[in-house]
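Q: Any chance you can model this:
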Amino acid sequence: MFKPKTERIENLAKSNTKVIKQLESLFVGETNMYIDYANVRPWSNKLGWHIDIKRLKQFLDSFDNINSIKFYNGTLEGDNESEDFFKKIEECKYDVKTKPVKLMKISIDASSISSESTNLLNNFIRSALIKKYDIETIEYLNKKFKEMNDKGVFFIEDRKCNFDVEIGRDMLLDYERNSIETYILWSGDSDFADPIIQLLKDGKNVILFATSRRVSSELNNLKSDGLFIFDIQKIRNFICWKKEMQKGPPKEAPKL
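A: You can find the predicted model right below:
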């Protein structure tokens, strides 16, 4: 049942009764939520608005049958912004799951390769796409590498911190250890297909919270097996930055 945690949420709910009723119908029995934040954060580029993690937690806490809200995000050790964000997540009282972000240096040193070589490009572009390139395109891209080398840049730093294994494991462990009926995953990553299929086979409710065009085809195909995909644009005003709230009546979110 929906019990607004703040006066602001209560007022917003009055003009969003349809979506509140829909969520109440989706959150069946004991419900656990899994937020893959590394996957969710880039959605802002598509949506044109950002998720406020404090407002999100207040909104989710308004549903009294949500048992746990697990928040997965890497921490870049020694980085003040990353460490401050981690503290903020903890202050919001999420069930935080974190691990160090790995920093990887990828070479872009083109000094020892031919202009027609794909050795460096293979580090950044899928081989299926590289095979479609003509020689002129490959030469042009290698030229850009050499221009960066001339400026003293020989490595690209990339960050990696994937929680797919941890989230899939936690979903199945929660199934084994608890009487959880509904599993809500904030992600559209195809790597979650296997645990979702298992939960659906066992008669559990599984819901993806996502945004249009951010759900893999592998997960979209599971809708016929009972997977429900909820577009988070429907709850924008509840969870976005205050300055990004929409004015007027809520707009209908596109179908996934």
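Q: Touching the lowest-mean-pLDDT helix or strand in the chain from outside, list them.
A: Across the helices and strands of the chain, mean confidence by mean pLDDT, DSSP states H and E is lowest for strand 155-160: a mean of 84. Contacts of strand 155-160 with the rest of the structure, by CB atoms under 8 Å, 6 or more residues apart in numbering, involve 74, 76, 101-109. Glycine gets a C-beta too; all of them are placed from N, C-alpha and C.
Q: Out of those, who's the most crowded?
A: For the contacts of strand 155-160, neighbours were counted by other CB atoms under 10 Å; the highest total belongs to G74, with 20 neighbours.
Q: so what's I35 bridging to?
A: F71, W186 (DSSP bridges).
Q: domain assignment for this structure?
A: 7-100+161-244, 102-160 (automatic domain parsing).
Q: Adding distance to M1, write the ones you listed out as a markdown table.
A: What follows is these, written out as a markdown table (distance: least, CB to CB, whole Å):
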| stretch | distance to M1 |
| --- | --- |
| domain 7-100+161-244 | 5 |
| domain 102-160 | 41 |
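Q: hey, which of these is tucked in deepest?
A: Among the domains of the chain, domain 7-100+161-244 has the highest mean neighbour count (mean count of other CB atoms under 10 Å), at a mean of 17.
Q: For that one, measure first residue to last.
A: 19 Å (CA to CA, to the nearest Å).
Q: Give me the distance between the closest residue to F85 other than its chain neighbours and S82.
A: Leaving out its chain neighbours, the residue that sits closest to F85 by CB to CB, 6 or more residues apart in numbering is N73, at 7.6 Å. Between N73 and S82 the computed distance is 9 Å (CB to CB, to the nearest Å).
Q: repeat for S117
A: 36 Å.
Q: So, low pLDDT: which residues of the stretch 1-150 of the chain?
A: Counting by pLDDT under 70, the stretch 1-150 of the chain contains no low-confidence range.
Q: and what of the stretch 151-256 of the chain?
A: In the stretch 151-256 of the chain, residues with pLDDT under 70: 248-256.
Q: Now do the strands in it.
A: Remark: strands assigned in the stretch 151-256 of the chain by DSSP state E, counting those that start in this stretch are 155-160, 182-186, 205-210, 228-231.
Q: residues in contact with the second one?
A: With contact meaning CB under 8 Å, 6+ apart, strand 182-186 is reached by 26-37, 39-40, 167, 171, 174-175, 192, 196, 199, 204-210.
Q: next one: the third one
A: Where contact means CB under 8 Å, 6+ apart, the residues beyond strand 205-210 that reach it are 26, 28-29, 43, 181-188, 196, 199-200, 215, 219, 226-232, 256.
Q: can you rerun that using 6 Å?
A: Under the criterion CB atoms under 6 Å, 6 or more residues apart in numbering, residues 26, 28, 181-186, 188, 196, 199-200, 227-230, 232 lie in contact with strand 205-210.
Q: Taking strand 182-186 as reference, get the angle to it.
A: 20 degrees (axes from the mean of the first three to the mean of the last three CA atoms, to 10 degrees).
Q: For strand 205-210, what is the distance to the chain centroid?
A: 12 Å (CA atoms, centre = their mean, to the nearest Å).
Q: partner strands of that strand, parallel or antiparallel?
A: Strand pairing for strand 205-210, using DSSP bridges, gives strand 182-186 (parallel), strand 228-231 (parallel).
Q: any chance of those in TSV, plus distance to S68?
A: Converted to TSV, these look like this (distance: least, CB to CB, whole Å):
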stretch	distance to S68
strand 182-186	10
strand 228-231	18
